[in-house]
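Enquirer: Can you look at this prediction? I've put the sequence above it.
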Amino acid sequence: MTEMTIQEMATALLATVGVLFMLISAIGLLRLPDIFSRMHAAGKASTIGVGCLLLSAGVYFWDINLFWRMILLIVLIFATSPIATSAMARAAYRTGTPKGLHLQIDEMGDKGLN
Amino acid sequence: MSFDLWLMVLMTILGISLLLCFIRLYLGPNPPNRTVAFDTIAIHAVGIMALYTMIYDAPALFDAAIIVAVLGFVGTMMFARYMERANLQDWERDDE
C-alpha cells in the first residue's frame, strides 16, 4: 500500500466501491423474496456499481479520448437501464399472479390499468 | 498490497458476484426472474471488461463494453415485450 500514487489510490477506491455495490446487488438478487424487490436490487448494480467501475477506468487511463468514451458508456447505461427495468416490471405484473407479490399498494390493479 | 494485486482481488469478487447472478438465472422460478438475472449478468460483463482494461492495459476493449451494454439492453427489452405478448399463464408461481 506504500508505493501507490494518488491516481492509483483514487482508481482503487472507485473500483472497490463499484465492485462492492455489484456484490451487494447480486446477493440481493439471490436472497430477496419476489420479482419487484429483486428488480430493486438489480438497479443498484446498473447505476452506481458499473458507474463507479467505469469512472475508475477513466481515472486510471486519464486520456481525454478514453474519458469521453467512458462518459458515453455511463450515459448510455443510465439512459437504457430504467427503460429496461420499467418494461420488465410491467411485463412481470401483467403476466404473473398478484398473489405471490408482496405489494402494499396496487395502483395498476385498482385503477383498472392492468 | 500493490495495485495490480488489488485489481485481481476485485476481479475475483466480481466473479463471485457473477456466479450468484448465474445461480439466480438457474433457480429463478419464472421467466421474469430469469430476465432480471440476464440484465444483471450483462451489467456484470460491462464491469468485468472495465476491470480487464485496467489489469491488462488494453483500452480497445471499451468499444466491446459499449457493444455488450447495447446488446444487454436490446435483449432485456426483447424478452420483456415477448413476455407481454406471449400470454403464457402456465408458469410457476413466485411464492416459493
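Expert: That came in fine, so what should we check first? Small disclaimer: the values here were computed from a predicted structure and weren't measured.
Enquirer: contacting residues around residue 40?
Expert: Using chain A. Neighbouring residues of A:H40 by C-beta atoms under 8 Å, 6 or more residues apart in numbering or on different chains: A:28, A:32. Using the backbone N, CA and C atoms, a C-beta is placed for each residue, glycine as well.
Enquirer: actually it's chain B I care about, not the one you picked
Expert: B:T40 makes contact with A:25-26, A:29, A:42, A:45-46, B:21, B:24, according to C-beta under 8 Å, 6+ apart.
Enquirer: May I ask which two of those residues are separated the most?
Expert: Greatest spacing in the contacts of B:T40, by C-beta to C-beta: A:S46 and B:R24 (14.9 Å).
Enquirer: Got a PyMOL select line for the buried ones in the contacts of B:T40?
Expert: One line in PyMOL is enough to select the buried ones among the contacts of B:T40; burial here means 16 or more other C-beta atoms under 10 Å in any protein chain shown:
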select buried, (chain A and resi 25+26+29+42+45+46) or (chain B and resi 21+24)
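Enquirer: Can you add pLDDT and secondary structure and give the contacts of B:T40 back as a markdown table?
Expert: Output for the contacts of B:T40, formatted as a markdown table (pLDDT from 0 to 100; DSSP: H, G, I helix; E, B strand; the rest coil):
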| residue | pLDDT | secondary structure |
| --- | --- | --- |
| A:S25 | 94 | helix |
| A:A26 | 94 | helix |
| A:L29 | 92 | helix |
| A:A42 | 90 | helix |
| A:A45 | 84 | helix |
| A:S46 | 86 | helix |
| B:C21 | 94 | helix |
| B:R24 | 93 | helix |
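Enquirer: what's the closest of the contacts of B:T40 to B:A64?
Expert: Of all the contacts of B:T40, the one with the least separation from B:A64 (C-beta to C-beta) is A:S46, at 18.1 Å.
Enquirer: Please look at the closest one and A:A79 and confirm they touch.
Expert: No: under the criterion of C-beta atoms under 8 Å, A:S46 makes no contact with A:A79, lying 11.2 Å away.
Enquirer: which residues do those two both contact?
Expert: Residues touching both A:S46 and A:A79 (C-beta under 8 Å, 6+ apart): none.
Enquirer: the bottom helix or strand of chain A by mean pLDDT?
Expert: Within chain A, no helix or strand scores below helix A:107-110, which has a mean of 69 by mean pLDDT, DSSP states H and E.
Enquirer: Find the nearest non-adjacent residue to A:L103, please.
Expert: A:F36 (7.7 Å; C-beta to C-beta, 6 or more residues apart in numbering or on different chains).
Enquirer: And the one you found, how close does it get to A:I105?
Expert: Separation of A:F36 from A:I105 (C-beta to C-beta, to the nearest Å) stands at 12 Å.
Enquirer: With A:I35 instead?
Expert: With distances taken as C-beta to C-beta, A:I35 is found 16 Å from A:I105.
Enquirer: Please apply the same query to A:G58.
Expert: Separation of A:G58 from A:I105 (C-beta to C-beta): 40 Å.
Enquirer: centroid residue for chain B?
Expert: Nearest to the mean C-alpha position of chain B, by C-alpha atoms, centre = their mean, lies B:I41 at 0.9 Å.
Enquirer: Quick check: next helix or strand after the helix or strand hosting that one?
Expert: Per DSSP states H and E: B:I41 is located in helix B:31-56. Later in the chain than helix B:31-56, the nearest helix or strand by DSSP H and E is helix B:61-86.
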